[in-house]
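Asks: Structural data only, the sequence is not supplied:
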């Protein structure tokens, strides 16, 4: 069998990489694929008092919202008790989805290739940490990764954003930014990596196109998780 040919710009990134931060959403798993998330929103909305009739814009948003995260944020604005109840509903929905959502094809091979090459791995995601842990355990991926960084709660006053999650993961991996590579599927992930001084590898076609992700200065793009796995094996 002939050796895998790795593009020079991808090889350069991997040669400098001692640790990798995989973004859970899209790269590891599309958690709510096939799930009607508006039903989660409706469940939360049914337990909350609507805005006062004089607040027309807020009232319209309350009635029209389909994103559970919007409704959780609104619940926290009413009171801590309503916020906690909304979070319990969202957490339960995430945990249920973790039992049915399947890993992205090829991601297991990519994680195994990291392990074989001595590259440590963290997983970050805009989900509850318990959800990510549950999904990884359910699909027997947990032993292939180290730190798992997600939300403990979504209270607006203390809600960590993507850059904070990646920074926490990089520190937990105990590597310098230049030795760390974020593996994501969106322009946002590539931009976060650039802002933090880390490298980035985008995986095309999972969420956004190669063209969009390759436009970020420090990022490189591969075609799929299996292609990433092949590149990692070739640079072991």
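Replies: That came in fine, so what should we check first? All figures in this text were calculated on a predicted structure; none of them were measured in a lab.
Asks: So the residue lying farthest from the centre of the chain, which state does it fall into?
Replies: What lies farthest from the middle of the chain is residue 54; by CA atoms, centre = their mean that is 38.3 Å. Secondary structure assignment for residue 54 (DSSP: H, G, I helix; E, B strand; the rest coil): coil.
Asks: Could you double-check that residue 38 lies in contact with residue 66?
Replies: Yes. Between residue 38 and residue 66 there is a contact at 4.2 Å, judged by CB atoms under 8 Å. Backbone N, C-alpha and C define where each C-beta goes, glycine included.
Asks: give the contact list for residue 40.
Replies: For residue 40, the contacting residues are 68, 89, 90, 93, by CB atoms under 8 Å, 6 or more residues apart in numbering.
Asks: rerun that using 10 Å as the cut-off
Replies: Listed by CB atoms under 10 Å, 6 or more residues apart in numbering, the contact set of residue 40 reads 32, 66-69, 71-72, 86, 89-90, 92-94, 96-97.
Asks: Same check on residue 144?
Replies: 22, 107, 108, 110, 111, 112, 113, 114, 115, 121, 123, 136.
Asks: can you rerun that using 6 Å?
Replies: 111, 115 (CB atoms under 6 Å, 6 or more residues apart in numbering).
Asks: How about the one 10 residues further on?
Replies: Listed by CB under 6 Å, 6+ apart, the contact set of residue 154 reads residue 72.
Asks: just the strands in this structure please.
Replies: For the chain, the strands defined by DSSP state E cover 19-23, 120-128, 148-151, 180-184, 199-203, 219-222.
Asks: starting at the chain centroid, how far to the third one?
Replies: Read that as strand 148-151. 9 Å (CA atoms, centre = their mean, to the nearest Å).
Asks: and that strand, what does it pack onto?
Replies: Counting contacts by 3 or more CB pairs under 6 Å, 6 or more residues apart in numbering; DSSP states H and E, strand 148-151 is packed against strand 120-128, helix 129-138, helix 162-173.
Asks: export these to CSV and tack on distance to residue 184, mean pLDDT and mean neighbour count?
Replies: As requested, those are arranged in CSV below (distance: least, CB to CB, whole Å; pLDDT from 0 to 100; neighbours: other CB atoms under 10 Å):
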stretch, distance to residue 184, mean pLDDT, mean neighbour count
strand 120-128, 9, 95, 23
helix 129-138, 15, 96, 20
helix 162-173, 9, 93, 20
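Asks: Format these as JSON lines; extra columns: distance to residue 211.
Replies: Listed next are the helices and strands packed on strand 148-151 as JSON lines, based on distance: least, CB to CB, whole Å:
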{"stretch": "strand 120-128", "distance to residue 211": "24"}
{"stretch": "helix 129-138", "distance to residue 211": "29"}
{"stretch": "helix 162-173", "distance to residue 211": "22"}
